[in-house]
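Undergrad: Predicted model and sequence follow; I will ask about them next.
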Amino acid sequence: MADIFLSYASEDRDRVRPLAEALIQRGFNVWWDRALSAGQDYAAIIERELRAAKAVIVVWTRGSAASTFVRDEAGRARDEGRLVPVLLDRVDIPLGFGAFQAEDFTRWNGGANAPQMQLLEEVLRAKLTGRDVDGSAIERRRRNLGARIRLVSLLTVIALVIGIAAGGRYLFAPPEADVRAQLLQLLAEGKLTPEQAIELAGLLESDSLGMQQVSLEPGQPAPGAAMSEPSRTTMDEITTAAPASVSEAEFDSAARQTYREAFLALAQHPEARVRLAVAQMAQPDAREAAVQTMWQYAQNNPDDPLTDEIYLLCGAVGERTDNPLGQRALEISASLSQDPDVWQMLSRSYRRMNRASEAQAAALVSEGVEAQTAGRSEEAQTRLEQALPNLTAPALRAPVESRLGEIAEQRGEWDVASTRFAQAFELREQTAAQQPAIASEAVIQADAQQLVRALDRAGRTQEACNTLREAQAEHDVATPDQALLERCRQLRVQVQPRVELAPRLREQRTMQRAPIQQTAPEQRTAPTP
C-alpha cells in the first residue's frame, strides 16, 4: 500500500506523470493508476489504495473540476483529513473544497527540486507523520517561495525572448510584433505578471534585446505569413497537374512557423537539459551539440508528450544547417504529425539529396493533408494515393494510409476504411519492431481504435472484438466506445472494460472533423502507458 494517493482526471495523465515522478524522486511512496495492468479489478484496487493512503493529492484542472470521480475522491479525503489539493490550472475549485489552500503548480517547471515541490513536501510530511500543519509557517514559506518562483519565471521569459530574437536573426527572424504578441499571450495565460510584461515590453522598445528585422529575398513571404489557400480544382486538373514540388520560399515559411512554435513549447520543458539545448539553438558554435542533445533525449524518451516538438525543432534547424539528423528528424515528425508543413520541409530535404520521387511524394502528402483539412476529400484522396507508391518507409506510409482511412470513414465506406486502418496499424507495428525508439504508443493505439471502429461499423463485429483483444494484449488499447464493449461481451470476447479514445485520436477528431459521438458514461479507468 502507498502512503500517497494521486487523484486526477484521466485526460490529464501526461500532465500528472511529472508530479508523480517528482514525488517519488523526493522519497515518497506514491500510488496512481498508472500502476494498473490489464485484467485487474480497477474499481476494487482504486478503492483499496484510496482507503489506505495517509494523504490524498487531488490535482485540480479544468478536466478534474468537472469529474464526478475526482470530486468523490476529494470529498472522502476532505472528510477524513487527508486532502492535499494541488492546482495545475487556474480554475474555480468545486464547491465544498474552496476552503482548503491548494498548492499553486500552475507555473511549476516539472523539476523535483522546484520551490513548489519543497512546499508540497512540507505539507505531505506533516500529513504522513500525523502532526498538524503550521498554517502560519507554511504561509510564510509560501510567500518566500512565491517570490523565488516569480523571479525564475521572469528570467525564463527573458531567456525565451532573447532566444527567439537570436534564433530569428540567424534562422527565421520573428518580427518584434510577433514577440510582443507572445508576451501578451503569456500574460493572458497567467505565466507573466503585468509588471513583468511592462518591463519586457520596455526592453523591446529600447532594443535592449538586440531585436533585428531580417530583410527577405524578393518574393519571399514574410515570417509566419499564412500560405495562400489552394484554389478549388476539378479532378481532371488534379490528375493532370504538374509534379508536386516545394519552393524554397514555401520551405522557409514552413520552417519559420515550425521553429517558432516548437521553440516556444520546448523553452518551458520540464527537463533542464532540453531547455538549455533550446537556448543553444540560437548560438552557432553550440547549435550542432544542441541538436544532438535533443535528438538523444527524444530517442530515449519516446513517451514524452513534447517529443513531437523536439523532432520538429531538430528537423527545422538540422535541415537548414545541413545536419544529417535534420532529415531523420523530419521523417519521424512526418510519421507522427498532422502538419502539412512538416511534409513540405521533408520534400525539400529529399530534393536536396537528389531523391526526386520521394520529394514529389512528400509534397503530394502535404497538398493532400491541406486539402483534407479544407474539406476537399476527393482531391485529398487523389494526392495521397499518388504519393503512396514512392513512400517506402513503413513509418511514412502509415500516416498516409490512416488519412485515406479517415476519408473513407467520412463517406461511410467502412470496408474500405477498415482496410486502410489495418494497413496503417500493421505499418505502425513494423516501425515499432524495427525502430522502437521512435515508436509512439499513442499513435499505435489511435490506429488500432480506428481499425476496430471501422470493422464494427462494417458489420464485422466479431472480427472487431478479436482485433481489439489482440491490440489490448500488445498495446493496452482501450475500447473505443461503450456500445462496442457490450457487443463484445455478448459475443463472449474478453476485452478490457476501459472505454476511452486514444489521446492522439481525440486530437485528430477535434482538429479534422466534428467530434465522434460516444455512448460511454464517465468512468474511472486504467491508464494507457
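TA: Here it is on my side, so go on.
Undergrad: which residues sit against the helix or strand hosting D14?
TA: Assessed by DSSP states H and E, D14 sits inside helix 13-25. The contact list for helix 13-25 (Cβ atoms under 8 Å, 6 or more residues apart in numbering) reads 4, 6, 8, 30, 32, 34, 57, 59, 61, 86, 88, 105, 110-112, 114, 117, 120, 124, 270, 305, 503, 527-528. In short, each C-beta sits where N, CA and C put it, glycine included.
Undergrad: ok, of those, which come out buried?
TA: By neighbour count, with 16 or more other Cβ atoms under 10 Å, the contacts of helix 13-25 hold 4, 6, 8, 30, 32, 34, 57, 59, 61, 86, 88, 105, 110, 112, 114, 117, 120, 124, 270, 305, 503, 527-528 as buried.
Undergrad: Alpha carbons of stretch 291-309, in CSV - could you do that?
TA: In CSV, the C-alpha atoms belonging to stretch 291-309 read as follows (Å, rounded to 0.1, in the frame of the first residue of the first chain):
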residue,chain,number,x,y,z
VAL,A,291,20.6,19.2,-31.9
GLN,A,292,22.5,16.1,-30.8
THR,A,293,21.3,16.6,-27.2
MET,A,294,17.7,17.0,-28.2
TRP,A,295,17.8,14.1,-30.6
GLN,A,296,19.2,11.7,-28.0
TYR,A,297,16.7,12.9,-25.4
ALA,A,298,13.8,12.2,-27.8
GLN,A,299,15.2,8.7,-28.7
ASN,A,300,15.5,7.8,-25.0
ASN,A,301,12.1,9.3,-24.1
PRO,A,302,9.6,8.3,-26.8
ASP,A,303,6.6,8.8,-24.4
ASP,A,304,7.5,12.4,-23.6
PRO,A,305,4.4,14.4,-24.6
LEU,A,306,6.7,17.0,-26.2
THR,A,307,8.7,14.5,-28.3
ASP,A,308,6.9,15.7,-31.5
GLU,A,309,8.1,19.3,-30.9
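Undergrad: same for whichever helix or strand comes after the helix holding D14, what does it pack against?
TA: Once helix 13-25 ends, the next helix or strand along the chain (criterion: DSSP H and E) is strand 30-31. With contacts taken as 3 or more Cβ pairs under 8 Å, 6 or more residues apart in numbering; DSSP states H and E, strand 30-31 sits against strand 4-7, helix 13-25.
Undergrad: just the ones you listed: most buried one?
TA: Most buried of these by mean neighbour count (mean count of other Cβ atoms under 10 Å) is strand 4-7; its value is a mean of 26.
Undergrad: helices or strands up against it?
TA: Using 3+ Cβ pairs under 8 Å, 6+ apart, strand 4-7 is in contact with helix 13-25, strand 30-31, helix 42-52, strand 55-60, helix 68-79.
Undergrad: So what touches it?
TA: Outside strand 4-7, the residues that touch it by Cβ under 8 Å, 6+ apart are 16, 19-20, 23, 28-32, 49-50, 53-59, 64, 70, 73-74, 77, 124, 128.
Undergrad: Between the helices and strands packed on strand 30-31, which has the poorest mean confidence score?
TA: Note on these: lowest mean pLDDT is at helix 13-25, with a mean of 88.
Undergrad: Would you mind getting the angle between that one and strand 55-60?
TA: 150 degrees (axes from the mean of the first three to the mean of the last three Cα atoms, to 10 degrees).
Undergrad: chain center to helix 13-25: distance?
TA: Remark: helix 13-25 is offset 16 Å from the chain centroid, using Cα atoms, centre = their mean, to the nearest Å.
Undergrad: mind exporting that helix as CSV, just the C-alpha atoms?
TA: Output in CSV follows, covering the C-alpha atoms of helix 13-25 (Å, rounded to 0.1, in the frame of the first residue of the first chain):
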residue,chain,number,x,y,z
ARG,A,13,-2.4,11.7,-17.2
ASP,A,14,0.5,13.1,-19.2
ARG,A,15,0.5,16.3,-17.1
VAL,A,16,0.3,14.4,-13.8
ARG,A,17,3.1,12.0,-14.6
PRO,A,18,5.9,14.5,-13.8
LEU,A,19,4.3,15.2,-10.5
ALA,A,20,4.2,11.5,-9.6
GLU,A,21,7.8,11.1,-10.7
ALA,A,22,9.0,14.2,-8.8
LEU,A,23,7.3,12.9,-5.6
ILE,A,24,8.9,9.5,-6.0
GLN,A,25,12.3,11.2,-6.6
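Undergrad: Where does A371 sit, in terms of helix or strand?
TA: Going by DSSP H and E, A371 is part of helix 356-373.
Undergrad: right, and the helix or strand after that helix?
TA: Downstream of helix 356-373 (by DSSP H and E), the next one is helix 377-387.
Undergrad: That next one: what's the following helix or strand?
TA: Using DSSP H and E, the helix or strand that directly follows helix 377-387 along the chain is helix 394-410.
Undergrad: Let me know the angle separating that following helix from helix 377-387.
TA: Going by the same axes, to 10 degrees, helix 394-410 makes 150 degrees with helix 377-387.
Undergrad: Other residues contacting helix 394-410?
TA: By Cβ under 8 Å, 6+ apart, the residues outside helix 394-410 that reach it are 331-332, 334-336, 365, 368-369, 372, 377, 380-381, 384-385, 387-388, 391, 414, 416-421, 423-424, 427-428, 430-431, 434-435, 438, 447, 450, 454, 508, 512-513.
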